[in-house]
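Q: Okay, sequence plus prediction incoming.
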Amino acid sequence: MSGGLRKDLRTAAIAILAMTVVLGLLYPLAITGISQVVFPGSANGSKVSVDGKVVGSHLIGQEFEGKAWFHSRPSATGYSGNVTFFGNAGPNSAELREEIREEIAAYLKVNKPYDRSLTRADVPVDAVTQSASGVDPDISEANAEIQAHRVAAVRHLPLAKVEDLISQNTDSRSLGVLGEPGVNVLELNIALDQEAPLK
């Protein structure tokens, strides 16, 4: 092996080692430290606590069962934060059409008894389709307003009060222009339970 080649290999090895230490160790530690100081809540997963107990995250949806709760949108992952994906069937998929038909039927079954005017055409898209991640924490305002009839009746609350809670737990568009407003289901259900605890 020539002296020039040996020198090049030594230089390359030193560069790899230096970049590994800087980019693989020092940079992540610095960013983690800065984020813990500047954005501690976000850096730790935007956890939501009730009475000192962590009950979820502002960023990850979860399943709520029962007529007294607002329900999240469908999830292919069971709302697992460890595995995020969605069913990638296309619009021509017979399987997807059947899945959406079943979701619409289930949505109407649970909500129509509390709002007789509700029809298939009124069912919002997010009520019967998955988000891209499968763990979206928000539902649309339209979806929340339909579910409000059921929740208000079951909890014996005025509809106007439930709609007020929806408004208080609606996140605006990102940067004021991106996306659509969304209602955080976990935080709405927490606010609902504080307003009218289940007996």
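A: Ah, there it is. Every value quoted in this text rests on a predicted model; they were computed, and no experiment measured them. Numbering: from 1, shown residues only.

Q: Any stretches of the protein with poor pLDDT?
A: 1-2, 39-46, 58, 81-88, 175-177, 199 (pLDDT under 70).

Q: That one: strands as residue ranges?
A: For the chain, the strands defined by DSSP state E occupy 47-50, 53-57, 138-139, 170-171, 182-184.

Q: winner for burial among those strands?
A: Mean neighbour counts were taken over those using mean count of other C-beta atoms under 10 Å, and the top value, a mean of 26, falls to strand 138-139. Glycine gets a C-beta too; all of them are placed from N, C-alpha and C.

Q: Next, the contact list for the residue nearest to H71 when sequence neighbours are not counted, please.
A: In space, not counting the residues next to it along the chain, H71 is nearest to F64; the distance is 5.6 Å by C-beta to C-beta, 6 or more residues apart in numbering. Applying C-beta atoms under 8 Å, 6 or more residues apart in numbering, one finds that F64 lies in contact with 70-72, 185, 189.

Q: Now those residues in CSV, please, with extra columns for distance to R150 and neighbour count.
A: Below are these laid out as CSV (distance: C-beta to C-beta, whole Å; neighbours: other C-beta atoms under 10 Å):
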residue, distance to R150, neighbour count
F70, 9, 23
H71, 9, 23
S72, 15, 24
V185, 14, 26
N189, 13, 22
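
Q: Which residues are in contact with Y79?
A: Y79 makes contact with 60-63, 72, 134-135, according to C-beta under 8 Å, 6+ apart.

Q: filter these to the buried ones?
A: For the contacts of Y79, a burial check counting by 16 or more other C-beta atoms under 10 Å picks out 60-62, 72, 134-135.

Q: Please convert those residues to CSV, extending it with distance to D51.
A: Converted to CSV, the buried ones among the contacts of Y79 look like this (distance: C-beta to C-beta, whole Å):
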residue, distance to D51
I60, 20
G61, 22
Q62, 18
S72, 22
G134, 29
V135, 24
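
Q: May I see the domains of the chain written out as residue ranges?
A: For the chain, whose domains are defined here by automatic domain parsing, the residue ranges read 3-40, 46-195.

Q: any idea which of those domains is most buried?
A: Ranked by mean neighbour count, those are led by domain 46-195 with a mean of 16 (mean count of other C-beta under 10 Å).

Q: Report the distance from it to the chain centre.
A: Mean C-alpha position of domain 46-195 versus that of the full chain (C-alpha atoms, centre = their mean, to the nearest Å) differs by 9 Å.

Q: If anything else comes up later, I'll come back, but that's it for now.
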